[in-house]
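[1] Provide a 3D model corresponding to the input given below.
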Amino acid sequence: MNTLTMNFKNKLGKRFSLRVQKVKNEIPEALIEELMDLIIAKNIFFENEKELGEKVSATINREESVF
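    So this is what the prediction gives:
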């Protein structure tokens, strides 16, 4: 199972991570950046100073079954 972790900072400078499980194996970097920009622009999680203000990073963690 692949997990996309998107890291942001809010307007107070505190970090916030958002994880999405079961993402596709190959996701273009530009698509992830576009998604993060949309999350910031739509402001659907927090209000006021807790609003997300900037992108920090994104990673995809891949888990593979051994047997």
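[2] quick one: the strands in the protein?
    Shown for the chain, the strands assigned by DSSP state E span residues 2-10, 15-21, 52-62.
[3] Tell me what angle the last one forms with strand 2-10.
    Pointing back at strand 52-62 there. For strand 52-62 against strand 2-10, the angle by axes from the mean of the first three to the mean of the last three Cα atoms, to 10 degrees is 160 degrees.
[4] Kindly report the same for the shortest one.
    Relative orientation of strand 15-21 and strand 2-10, computed by the same axes, to 10 degrees: 160 degrees.
[5] Listing partners with orientation, what would you give for strand 15-21?
    According to DSSP bridges, strand 15-21 forms sheet pairs with strand 2-10 (antiparallel).
[6] Check whether residue 37 really touches residue 52, as I assumed.
    No. Using Cβ atoms under 8 Å as the test, residue 37 is too far from residue 52 to be in contact (10.5 Å). C-beta: built from backbone N, CA, C; applies to glycine.
[7] ok, residue 22 - contacts?
    1-3 (Cβ atoms under 8 Å, 6 or more residues apart in numbering).
[8] Next, work out how far apart residue 11 and residue 54 are.
    9 Å (Cβ to Cβ, to the nearest Å).
[9] go on, residue 15?
    10 Å.
[10] Likewise for residue 60?
    Taking Cβ to Cβ as the measure, residue 60 falls 20 Å from residue 54.
[11] what's the neighbour count on residue 7?
    Residues lying near residue 7 (other Cβ atoms under 10 Å) number 16.
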